[in-house]
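Colleague: this is a predicted model, with the sequence first.
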Amino acid sequence: MRLPTRIVLALALALALAAPACQTATRDAATLLWPDMTDPYMQTTRRWTRSGAVYDGVNLAFSAAATLKAEDWRRAFVDKYAELYGQTGDEAARALAGQQVAAQQGLEIVLALAAPGGGADRLSLRNERFKVFALSGANTLYPQEIRPMERDFWPAEKLTAFFPYATRWRSFYTVRFQDVPEGPLALVVAGPAGRIEFTWVTSK
């Protein structure tokens, strides 16, 4: 059955008017579901973050994610922290100065580790289940420090705000190396089931 011409024209006009509204609604939904799409801090964090997993057969042995605290990441972190916590310009400037001092003391990486079999919450320089080290050219570099990110200062909601890969199963650490040369760098997290390598290109 053919529709009258005036009905066809009315339907076409309604669809044409609805299209921009639908596109706007789609964009708004995407922003609501993925707010980091346009957030400078989240974009910077994503650029400096690597993730991976090791499986023992079909079972997950362990997974990890790591964010290298590059210079632009530290600046973006300070800006995001000031935004979320309403810091003044002076407070943000002091925070940035603190980040610059920390950068001069060595290269830092935020490492999040999860292991269904346990051990992810006890990572240290002497941990016998997981070993963490770095590869720079032909050199093997061992961390000077593996420090848990204290839950008093980093509660779950704060971790999620700054590190979108945070989950209740992941334990967070700051891994610090000294005297890391410029160029390709691989962070290795090794366990009995295998190893994960995260690679970046570092600069000073």
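Modeller: It's in.

Colleague: what about this structure, any weak spots by pLDDT?
Modeller: Residue ranges of the chain with pLDDT under 70: 1-37, 204.

Colleague: switch to 80 and redo it
Modeller: For the chain, the stretches with pLDDT under 80 are 1-37, 203-204.

Colleague: so what secondary structure elements neighbour whichever strand or helix holds Phe77?
Modeller: Per DSSP states H and E, Phe77 falls inside helix 71-85. Other helices and strands packing on helix 71-85, by 3 or more CB pairs under 8 Å, 6 or more residues apart in numbering; DSSP states H and E, are helix 40-47, helix 89-104, helix 156-162. (Glycine included, C-beta is placed from N, CA and C.)

Colleague: which residues sit against that helix?
Modeller: Under the criterion CB atoms under 8 Å, 6 or more residues apart in numbering, residues 39-41, 44-45, 48, 67, 69, 87, 91-92, 95-96, 99-100, 102-103, 161-162, 203 lie in contact with helix 71-85.

Colleague: Val175 touches Tyr142, doesn't it?
Modeller: No: if you go by CB atoms under 8 Å, Val175 and Tyr142 don't touch, sitting 10.3 Å apart.

Colleague: of those two, who's got more company?
Modeller: Higher neighbour count among Val175 and Tyr142: Val175, with 24 against 11, using other CB atoms under 10 Å.

Colleague: contacting residues around that one?
Modeller: Neighbours of Val175 in contact, by CB under 8 Å, 6+ apart: 66, 108-111, 132, 143, 145-147, 187.

Colleague: filter the residues you listed to the buried ones?
Modeller: 66, 108-111, 132, 143, 146, 187 (16 or more other CB atoms under 10 Å).

Colleague: among those residues, which ones are in helices?
Modeller: Among the buried ones among the contacts of Val175, the subset assigned to helices under DSSP state H is empty.

Colleague: roughly how far does Thr174 sit from Gln99?
Modeller: Distance of Thr174 to Gln99, computed by CB to CB, to the nearest Å: 13 Å.

Colleague: who's more crowded, the two?
Modeller: Gln99 (19 against 16).

Colleague: nearest spatial neighbour of the more buried one, skipping sequence neighbours?
Modeller: Sequence neighbours aside, Arg74 is the residue nearest to Gln99 in space, at 4.1 Å (criterion: CB to CB, 6 or more residues apart in numbering).

Colleague: can you count the residues close to that neighbour?
Modeller: Neighbour count of Arg74, defined by other CB under 10 Å: 19.

Colleague: if we can go back for a sec, how far does the helix holding Phe77 sit from the chain's center?
Modeller: Between the centre of helix 71-85 and the centre of its chain there are 14 Å (CA atoms, centre = their mean, to the nearest Å).

Colleague: what residues sit buried inside it?
Modeller: By neighbour count on 16+ other CB under 10 Å, the buried set for helix 71-85 is 73-82.

Colleague: cool, and stretch 105-119?
Modeller: Applying 16+ other CB under 10 Å to stretch 105-119 flags 106-115, 119 as buried.
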